[in-house]
Structures are given as structure tokens and as C-alpha cells.
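Asker: coords please:
(one chain, ligands or ions: 1)
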Amino acid sequence: MAVDPFAAQRAEMVTRQIEQRGVTDPRLLEAMRSVPRHVFVPEDQRFMAYDDCPLAIGSGQTISQPYIVALMTNLLHLQGEENVLEIGTGSGYQAAVLSHLARFVHTVERFAALAVGARRLLKALHCKNVSVRTGDGTLGWPAAAPYQSILVTAAAPAPPPPLLAQLADGGRLVLPVGGRGGQILQVWQRQGDAYSHEDVSYVAFVPLRGAHGWNEVNWDY
Ligand code: SAH
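Answerer: From the prediction side, this is the model:
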């Protein structure tokens with residue numbers, strides 16, 4: 001395999017931005033050490049691929065800050081056997097990280113152009129346990145449910161009911177809830193027909209659009 005010119009930057013990203021901020025799961029740290037984040041960002045931004053910030057990926061969307069990817073993934077408590085649903089494929093980077101930590105990853109993206117790009121990159125990286133679909137992720141992906149873990153990487157007005165319904169008993173849903181001014185990262189857990197949630201931290205995401213998301217008008221309020 002060719003030498004990765006970004007390997008040192010990536011190792012430093014994991015140590016300084018993730019491990020030193022308290023994320024210690026060795027499987028997660030290893031996944032983030034191995035997924036080449038720079039291939040998921042546009043070429044003119046590669047020099048910033050391992051910086052401590054989100055980056056633009058086209059279609060007005062962003063690839064999340066590395067620490068946020070780690071924080072959200074950590075909250076899913078993945079052991080390796082989960083069927084995972086991600087809403088908001090974007091670049092495909094988060095899906096690639098998840099693919100190292102779970103049995104299978106189903107991921108839904110609203111913009112076809114982003115879904116096509118993500119599918120191509122995930123294939124090139126031999127992430128065989130990921131399936132990318134274009135559509136409204138607020139409706140989930142019913143055919144492959146239930147999911148032990150669901151991750152939403154865009155800001156929702158509230159947990160979309162179809163996602164709560166597609167969560168397996170004992171499963172965990174991680175998502176940012178709130179509007180344009182900022183959101184709270186929440187973890188929802190299902191026990192039978194009962195759902196409980198906890199707030200984790202303040203975050204800033206692009207809006208989740210769609211049937212159970214924001215529309216062009218109300219995101220502005
Ligand atoms: N996880 C991505 C970052 C995603 S940014 C990564 O690792 O790069 C949020 C993404 O959610 C955007 O690509 C946006 O187009 C998408 N999105 C917004 N509403 C959506 C919906 N209803 N269904 C699917 N994707 C949606």
C-alpha cells in the first residue's frame with residue numbers, strides 16, 4: 001500500500017482532539033486512526049482535513065468536526081454486532097468510522113450528489129458493510145429495521161417518530177435537537193414501548209430537512 005502522507009496528522013488529531021478530551025474507547029480511537037479523513041473532503045481543503053473544525057463538502061453541507069464524530073459515535077456504545085442507521089451521509093466519513101465498529105451501516109442522504117460521492121469513496125476504501133441510499137432520512141429505512149443504534153448528523157426539531165419506531169428494544173438514538181441558533185445533543189433509549197432521553201452538550205449542525213425535519217421557512221425562526 002502507498003504511504004499515507006497524512007498518517008502523522010491523523011495520529012495527532014486523535015491524540016489531541018479526541019483522546020485528550022476524554023474519549024478513550026480503544027476501538028473508536030483505532031477506527032479514527034485508520035479512516036483517511038482527507039479523502040472525504042474536497043481536494044482544495046485537504047490541508048485542513050485534520051484540523052479541529054467542520055469543513056464544507058458541497059451542496060451547502062459540512063463534514064463534522066472530528067471530535068463531534070468521536071463524541072457522537074462514543075454515545076452509541078457500539079460493541080461490533082449492531083445494525084446501525086445513519087441519517088445524513090454527507091461525505092461518508094462518519095459512515096466509514098461506524099463501519100469499523102458495527103456489523104452493518106445503513107446510511108441515508110437527501111442529496112443524490114453527496115450519496116453518489118460517498119458510495120464511491122466507501123467502495124474505494126473497501127467498506128463492504130455500508131449501504132448508502134438517497135432519500136428523506138426522517139422516514140428512516142424501514143426495510144432494514146430494527147436498528148440497535150441510530151445516529152442523526154443534522155439538527156432535528158424533535159426526534160422523528162419513524163426513527164423512534166425503528167429503534168430496537170434496548171437501542172440508542174443519538175441526535176442534535178434544536179434550531180438555527182444551536183442544538184442540544186441528545187441520547188434516546190428505548191425500553192419496550194418506553195423512551196427516555198438525556199442531554200449531552202451544545203452543538204451546531206446544518207438542518208435536518210424533510211417530512212419530520214425543518215423546512216426552508218421554519219429553520220429561520
Ligand atoms: N455525517 C456526515 C456529515 C453530514 S452533514 C459526514 O460524515 O460527512 C448533514 C447531512 O444531512 C447533509 O449532507 C444533509 O444533506 C443531510 N440531510 C439533511 N436532511 C436530511 C434528510 N431528511 N435525510 C437525509 N439526509 C439529510
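
Asker: who does L175 form a beta bridge with?
Answerer: Counting by DSSP bridges, L175 forms beta bridges with Q186.

Asker: now for it: which residues touch it?
Answerer: 150-152, 156, 159, 163, 185-186, 188 (CB atoms under 8 Å, 6 or more residues apart in numbering). In this view, the C-beta of every residue, glycine as well, is placed from N, C-alpha and C.

Asker: can you flag which of these belong to strands?
Answerer: Residues of those located in strands (DSSP state E): 150-152, 185-186, 188.

Asker: out of the residues you listed, what pair is the most spread apart?
Answerer: Across the ones in strands among the contacts of L175, no pair lies farther apart than I150 and L185, at 13.7 Å, counting by CB to CB.

Asker: how about the residues of the protein near the ligand?
Answerer: 57, 61-64, 87-88, 90-91, 93-94, 108-111, 114, 136-138, 153-154, 206, 208-210, 213 (CB under 6 Å from any ligand atom).

Asker: coming back round to it: which one of the ones in strands among the contacts of L175 is nearest to R37?
Answerer: Closest to R37, out of all of those and judged by CB to CB, is L151, at 17.2 Å.

Asker: now do the helices in this protein.
Answerer: Under the criterion DSSP state H, the chain contains helices at 7-13, 26-34, 66-75, 93-99, 112-124, 161-166.

Asker: out of the ones you listed, deepest packed?
Answerer: helix 93-99 (a mean of 26; mean count of other CB atoms under 10 Å).

Asker: quick one: list the elements packing against that one.
Answerer: Secondary-structure packing of helix 93-99 (3 or more CB pairs under 8 Å, 6 or more residues apart in numbering; DSSP states H and E): helix 26-34, helix 66-75, strand 83-87, strand 104-109, helix 112-124, strand 130-134.

Asker: got the ones you listed as CSV, with mean pLDDT columns?
Answerer: Formatted as CSV, the helices and strands packed on helix 93-99 follow (pLDDT from 0 to 100):
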stretch, mean pLDDT
helix 26-34, 98
helix 66-75, 98
strand 83-87, 98
strand 104-109, 98
helix 112-124, 98
strand 130-134, 98
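
Asker: dump the ones you listed to JSON lines, plus distance to Y50.
Answerer: Listed next are the helices and strands packed on helix 93-99 as JSON lines, based on distance: least, CB to CB, whole Å:
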{"stretch": "helix 26-34", "distance to Y50": "10"}
{"stretch": "helix 66-75", "distance to Y50": "7"}
{"stretch": "strand 83-87", "distance to Y50": "22"}
{"stretch": "strand 104-109", "distance to Y50": "23"}
{"stretch": "helix 112-124", "distance to Y50": "17"}
{"stretch": "strand 130-134", "distance to Y50": "22"}
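
Asker: and C53, which of the ones you listed is closest to it?
Answerer: Taking those one by one with CB to CB, helix 66-75 is closest: 8.7 Å.

Asker: just want the angle from that closest one to helix 26-34.
Answerer: Counting by axes from the mean of the first three to the mean of the last three CA atoms, to 10 degrees, helix 66-75 lies at 150 degrees to helix 26-34.
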